[in-house]
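1. I'll drop the sequence and a predicted model, then ask my questions.
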Amino acid sequence: MNNLTQGGQVFFQNMRMFADIFWKLMTVFFMAFCLSMALIFYFKTGSYERYEAFVLLATGPFSALSHWVGSFLNHMGLVSHSDLADQTFMNFKMPDGSQVRLSQSEVIDRITQPDFIENMAWLLKLDFVISLLVGIMASLVTGKLLSQFGFAMTEKKVLRGTRLCEPQELRNLVKKKDDKSPSPFSLSKVPLPKNSETQHIWINGTTGSGKTVAMSELMAQVRTQGHRAIVYDIMGTFVGRFYRPGKDIILNPFDERSAAWNLWSECQRSEDYDNIASSQIPIVPGVSSQDPFWVKAARSLYSATARRLEKRGKADTETFLRYLLTSDLEKLRELLKDTEAESLVAKDLEKTALSVKATLTDYIKVMRFLKNDGDPFSIRDWVKKEDEDSWIFISSRADCHEILTPLISAWYDIAITSALSLSSNPDRRIFNFIDELPTLQYLPSLHKGMAQGRQKGLCFVLGTQDLSQLKVNYGHDNAKSIIGNANTKLILRTIDDAEATSAMFNQSEVQDQNQSVSYGIKDSRDGVSLNKQRHLQQVVLPSELQLLDDLEGYLKFPGNFPVTKIKLDYVSYPELNERLVPRVSDVDLLDDIENESDSDSKIWNGGSSSDFSEPITL
Ligand SMILES: Nc1ncnc2c1ncn2[C@@H]1O[C@H](COP(=O)(O)OP(=O)(O)O)[C@@H](O)[C@H]1O
Ligand SMILES: [Mg+2]
């Protein structure tokens, strides 16, 4: 009942208001019609024609009426003359300007010549049709203007803060800024603002939302531009699409195509060993479950052993692992004599030493699978080669990924720290594509690389599924800071953490219009009132992020650019390479050693065989 009353009142009130506007539009139509008729008639006729038409208009109806009345009276026998019009005289202007006195019947006969009537009829018909169109146009235009005015009144106005716009508008805004030279890189055909790639890009979205599609789009552009890149590729997708055999480098102990690598080829200074140890054996800030003592002790053991081996001319991974993974403590003690790690393997602290070794084992056991033949590849040297356009693919193998992560982190950290030591160069670009960042362990230099890498041309493109994953690896504050440093944000469908993610698009102060409708028994009580209100609102709501389709996302650039919603194009890249060429039986350095009948000569290549005389077992 209540609904019926409310619906009915509001409906009829709306109808009344619409009718009112409708009649106003009809008035506009009528006025435009009349004005048009008059103007067309005026401009399409000569002054004598207008005079004749005026006389015809003035006398014609009277003449017809008097003719009809006269005939009637005559018929009744009341008057004898045939027509009143014959007896009504007027001064009529002739074409030459002279005046003659004629009866109305004569005037009408004179004017209503076939030519004149035909011309007038044609003109009036044309005038009518054109004026009808003019009237309709006038009322339509007025209606359109009124509805635009209404729309502008009710439209939300962004007073401050960011706003949402169409991709085309953002495209134009970016193209106009910075001397009309945006970055050569783009996402879904929207160019990035000039140099904004060095302010890093974050792509977030759940599985299947399009992170890899977006990364591939950027990678193809980086390849076209001839820049270097380091690609972390957990699934091998990017190796399949972008690897160029003979030119690019794969680092993955489980891939036959991988380059050989050892840690000494990366270390020039004593502290380099400590840096590699810290990335391979990280302490995650804000994660209290980790006891820093064991981690620090393991690092110390790692770097001291590496340093000492280098000093003794035995810098190779086999020997390194043999000491740390398989030898008894006596040998290690002897090796580390007079180093900072000596106390960690002291005779009276054997239990501690074994615990430290056990901690270290977790982080270095993967090194036994490293390729150890030929010239080792040096990430540090590669970073320094300015004229290179090769890429490094740091790939993985799903079933061994966990043991591989310390090594991958070490490689990434070496790359970042090496790049940070380069001289500044505004034109250099070294891209770091890290899809599924949280599948890597904590990268100590990531934050530093993002914050300080701009001058060096470091560009990070990070892919994550949600923020909480990142917080687990990096701690709350670090994760926030990493995301904060990625100034370009592409947020695809985000299910978890949608609230926190949508907050990154900032708020805006908007002004919108509230409409309230009142009604009463009498129509005079009915009314609509409009009032304007200001309030803060989220530019992108969490639910909007959750409901995005595959490949749809919100794009935010650094600076005062509005946010836009884009749809990525799926590009089917040809699979040029195998994603992974498994290394024959996963060659294990320590197995090799075990199988050697004369192990000493192989292990202590160049060293004194008395260093290690007992056979070793794993
Ligand atoms: N062959 C295909 N043709 C068209 N679209 C595809 C094809 N393969 C995948 N896609 C689209 O790409 C999306 C996967 O994108 P992807 O970048 O791999 O997601 P993720 O965010 O997990 O990296 C799918 O959800 C689908 O919409
Ligand atoms: Mg993916």
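-> Looks like it came in fine. Ligands and ions are numbered 1, 2, ... in the order given.
2. what residues does the stretch 201-350 of the chain put near ligand 2?
-> With Cβ under 5 Å from the ion as the criterion, the stretch 201-350 of the chain meets ligand 2 at residues 211, 212. C-beta here means a position set from N, CA and C on the backbone, and glycine is covered the same way.
3. now the strands for the stretch 201-350 of the chain?
-> Ranges of strands in the stretch 201-350 of the chain, per DSSP state E, counting those that start in this stretch, are 201-204, 228-233, 249-251.
4. Mind checking the pLDDT average for the last one?
-> Per-residue pLDDT values over strand 249-251 give a mean of 94.
5. Kindly report the same for the first one.
-> Throughout strand 201-204, pLDDT has a mean value of 95.
6. what about that strand, near ligand 1?
-> No - Strand 201-204 stays out of contact with ligand 1 when judged by Cβ under 6 Å from any ligand atom, the minimum separation being 8.1 Å.
7. for that strand, packing partners?
-> For strand 201-204, the helices and strands in contact under the criterion 3 or more Cβ pairs under 8 Å, 6 or more residues apart in numbering; DSSP states H and E are helix 211-225, strand 458-464, strand 488-491.
8. which one of these lies closest to ligand 1?
-> If you check each of the helices and strands packed on strand 201-204 against ligand 1 by Cβ to the nearest ligand atom, helix 211-225 wins as the nearest, at 3.3 Å.
9. can you pull the buried residues of that closest one?
-> Within helix 211-225, the residues scored as buried using 16 or more other Cβ atoms under 10 Å are 211, 212, 213, 214, 215, 216, 217, 218, 219, 221, 222, 223.
10. Those also near ligand 1: which ones?
-> When Cβ under 6 Å from any ligand atom is applied, the members of the buried residues of helix 211-225 adjacent to ligand 1 are 211, 212, 213.
11. and the closest residue to the first one other than its chain neighbours, how many neighbours?
-> Closest residue in space to residue 211, ignoring its immediate chain neighbours: residue 463 at 4.3 Å, by Cβ to Cβ, 6 or more residues apart in numbering. Residues contacting residue 463 under the criterion other Cβ atoms under 10 Å number 23.
12. Was I right to think residue 463 contacts residue 215?
-> Yes - at 6.1 Å, residue 463 and residue 215 qualify as touching, with contact defined as Cβ atoms under 8 Å.
13. and residue 571, that one's in a helix?
-> No - according to DSSP: H, G, I helix; E, B strand; the rest coil, the state of residue 571 is coil, so it is not within a helix.
14. State the number of residues packed around it.
-> Residues near residue 571, counting by other Cβ under 10 Å, number 10.
15. just residue 330 next, same as before
-> Each residue near residue 330 was counted by other Cβ under 10 Å, and the total is 11.
16. and it, what pLDDT?
-> Predicted confidence (pLDDT) for residue 330: 85.
17. Ok, residue 566 next?
-> The model's pLDDT for residue 566 equals 94.
18. From what I see, it and residue 188 are in contact.
-> Yes - here residue 566 lies in contact with residue 188, judged by Cβ under 8 Å, at a distance of 4.0 Å.
19. Could you pull out the residues contacting both of those two?
-> 167, 555 (Cβ atoms under 8 Å, 6 or more residues apart in numbering).
20. Of the strands of the stretch 201-350 of the chain, which stretch is the most buried?
-> Using mean count of other Cβ atoms under 10 Å, the stretch among the strands of the stretch 201-350 of the chain with the largest mean neighbour count is strand 201-204, at a mean of 26.
21. can you count the residues close to residue 355?
-> Counted with other Cβ under 10 Å, residues neighbouring residue 355 total 16.
22. For it, which non-adjacent residue is spatially closest?
-> In this structure, residue 355 finds its nearest non-sequential neighbour in residue 294, 6.5 Å apart by Cβ to Cβ, 6+ apart.
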